[in-house]
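Participant: I need the structure of the sequence given here:
(chains A and B)
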Amino acid sequence: MKSVQEAFTLILIALVCGGAAYFAHPLAPSFGLDELSITLEEAQFETEVFWIDARTDEDFDRGHLDGAILLNEEHWEDLLLDFLDRWPPSATVVVYCSSQACMRSHEVAERLREELGVEEIFALEGGWETLLEMGLAKEGEK
Amino acid sequence: MKLLSRIAYLALGATFIWAGVAKLIDPSAFLSSILTYEVFGYTFAVAASLFMPYLELCVGFSLATGFLRGGARWLAGGMTVVFLLLLIQAAVRGLDVDCGCFGSEAKASETGFLWPISRDVLMLAALFVAVICERCGRRKSEL
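Facilitator: Numbering: from 1, shown residues only, chains lettered A, B, ... in the order given. Have a look, this model is predicted:
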């Protein structure tokens, strides 16, 4: 019984610290990012989609979706200008990164929403892996 | 026996502290690692990415110092078994996971599953040794 109480004490301490980290840690993930997600099926229903590749420059050079432009946080200032030149404001913006597990697309989508004040910006669920699986892109395709 | 138990607890405690610190430096990277296992939903994964590093730190500190060690033993065993099961299911499903055990690491396609799984088995063995030696030491001192 004493061990159980001790275990709960440790869990409680970790919960308090984890809660504090959510508000105070500069790299803490956000619960809200999931609301940015869009599935490939949903994206395909949109009348006009402007694709953004949020992976690294090397991954983009290796292959990307036809028509997609590169925009990642490593070179945000430079790449944002290119994005603003080519972005049709009427289009739904869909950002993808490498896979279901990567968070780069969510971070780019959230930052774009904040900086442009536009809501129609989403992160693709499954990312590049899904585009490959569905045959919409090929490794090495540019 | 007591000395062996202390060494095992210290080693385990240091390992948990190391794992906790590596994760709490960048919780977003740890979140990405959790999602590669394709077991948890996003909301649960975010909560785990914030909570787990501190739980590992607390457990590590308790194992090493002896403070609240009774609870830490159960938590250390439980967490290691869960980590082990997660790795095994990922290996069976052929997922290219990033272990995330000690911060963001190379993907399984590069490192394989043998070392992370062996590491968890070793940790369970160390915990078993620590508990058994501790009990033997206690019995001896009672006699």
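
Participant: pretty sure A:Ser105 contacts A:Tyr96?
Facilitator: Yes - at 5.4 Å, A:Ser105 and A:Tyr96 qualify as touching, with contact defined as CB atoms under 8 Å. From N, CA and C alone the C-beta is placed, and that goes for glycine too.

Participant: Between those two, point out the one with more neighbours.
Facilitator: Using other CB atoms under 10 Å in any protein chain shown, the more surrounded residue of A:Ser105 and A:Tyr96 is A:Tyr96, with 32 against 29.

Participant: Could you check the pLDDT of that one?
Facilitator: A:Tyr96 is assigned 95 on the pLDDT scale.

Participant: Setting the sequence-adjacent residues aside, check what's closest to it.
Facilitator: Spatial nearest neighbour of A:Tyr96, chain neighbours left out: A:Leu124 (4.1 Å); criterion: CB to CB, 6 or more residues apart in numbering or on different chains.

Participant: cool, and B:Arg69?
Facilitator: In space, B:Arg69 comes closest to B:Ser62 once its chain neighbours are excluded; the distance is 5.4 Å by CB to CB, 6+ apart.

Participant: and that neighbour, what is it in contact with?
Facilitator: Taking CB atoms under 8 Å, 6 or more residues apart in numbering or on different chains, we find B:Ser62 in contact with A:Glu6, A:Leu10, B:Gly13, B:Leu68, B:Arg69, B:Gly71, B:Ala72.

Participant: Of those residues, grab the buried ones for ChimeraX.
Facilitator: Applying 16 or more other CB atoms under 10 Å in any protein chain shown to those, the buried members can be selected in ChimeraX as follows:
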select /A:6,10 /B:13,68,69,71,72
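
Participant: among the contacts of B:Ser62, which are in helices?
Facilitator: Counting by DSSP state H, the contacts of B:Ser62 place A:Glu6, A:Leu10, B:Gly13, B:Arg69, B:Gly71, B:Ala72 in helices.

Participant: Relative to A:Asp53, how far out is the last one?
Facilitator: Summarising the geometry, the distance separating B:Ala72 from A:Asp53, computed by CB to CB, to the nearest Å, is 45 Å.

Participant: Against B:Thr36, how distant is whatever residue of chain B ends up closest to chain A?
Facilitator: Minimum separation of chain B from chain A (CB to the nearest CB) falls at B:Gly71, amounting to 2.7 Å. Distance, B:Gly71 to B:Thr36, by CB to CB: 30 Å.

Participant: hang on, the earlier thing: so which of the ones in helices among the contacts of B:Ser62 is the closest to A:Asp61?
Facilitator: B:Gly13 (45.5 Å; CB to CB).

Participant: wait, the closest one sits on B:Ala64?
Facilitator: Yes - using CB under 8 Å, B:Gly13 is in contact with B:Ala64, at 2.8 Å.

Participant: mind listing the helices for chain B?
Facilitator: B:2-25, B:27-36, B:42-65, B:69-93, B:108-111, B:114-142.

Participant: Make a markdown table out of these and add mean pLDDT.
Facilitator: Rendered in a markdown table, the data for those read as follows (pLDDT from 0 to 100):
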| stretch | mean pLDDT |
| --- | --- |
| helix B:2-25 | 94 |
| helix B:27-36 | 88 |
| helix B:42-65 | 95 |
| helix B:69-93 | 95 |
| helix B:108-111 | 74 |
| helix B:114-142 | 89 |
